[in-house]
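# Fold the following and give me the result.
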Amino acid sequence: MSHTYKPIDCALHDCFEIACLYHYQVTLKLRDQSIIEGECITTETHPDKSEWLVCKTQYQYLKIRLDQIRKMYSKSANAIFGEVNL
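A predicted model of the protein is given here:
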């Protein structure tokens with residue numbers, strides 16, 4: 001993972017906020033090619049200004065830095081979006 005955080009576009013950040021507000025079930029494809037499936041819980045901003053998505057997977061809560069997410073697919077019915085490309 002790159003150590004320097006690169007902020008994402010505000011419109012894309014809004015998609016993460018919506019996913020958390022409605023607790024969307026999502027599939028995340030990360031820049032390192034890993035895949036995470038889980039429920040969006042919240043976003044966090046750390047003291048270094050990096051932004052993170054908190055997801056609840058089957059086994060644990062994970063924090064994923066937003067600039068490390070390549071794609072987010074919503075698996076929830078009636079979701080406002082289907083796929084978000086970062």
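
# contacting residues around residue 43?
13, 16-17, 20, 51-54, 66 (CB atoms under 8 Å, 6 or more residues apart in numbering). Using the backbone N, CA and C atoms, a C-beta is placed for each residue, glycine as well.

# Any buried residues in the helix or strand where residue 42 lies, and which?
Per DSSP states H and E, residue 42 falls inside strand 35-45. Applying a neighbour-count criterion of 16 or more other CB atoms under 10 Å, one finds 36, 38-41, 43 buried in strand 35-45.

# How is the most centrally placed residue in the chain assigned, secondary-structure-wise?
Per CA atoms, centre = their mean, the C-alpha nearest to the average position across the chain is that of residue 53, at 4.7 Å. Three-state assignment for residue 53 (DSSP: H, G, I helix; E, B strand; the rest coil): strand.

# With distance to residue 4 and pLDDT as added columns, please give the contacts of residue 43 in JSON lines.
Shown next, in JSON lines, are the contacts of residue 43 (distance: CB to CB, whole Å; pLDDT from 0 to 100):
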{"residue": "13", "distance to residue 4": "18", "pLDDT": "90"}
{"residue": "16", "distance to residue 4": "20", "pLDDT": "95"}
{"residue": "17", "distance to residue 4": "23", "pLDDT": "96"}
{"residue": "20", "distance to residue 4": "25", "pLDDT": "97"}
{"residue": "51", "distance to residue 4": "13", "pLDDT": "96"}
{"residue": "52", "distance to residue 4": "15", "pLDDT": "97"}
{"residue": "53", "distance to residue 4": "18", "pLDDT": "98"}
{"residue": "54", "distance to residue 4": "22", "pLDDT": "99"}
{"residue": "66", "distance to residue 4": "13", "pLDDT": "96"}
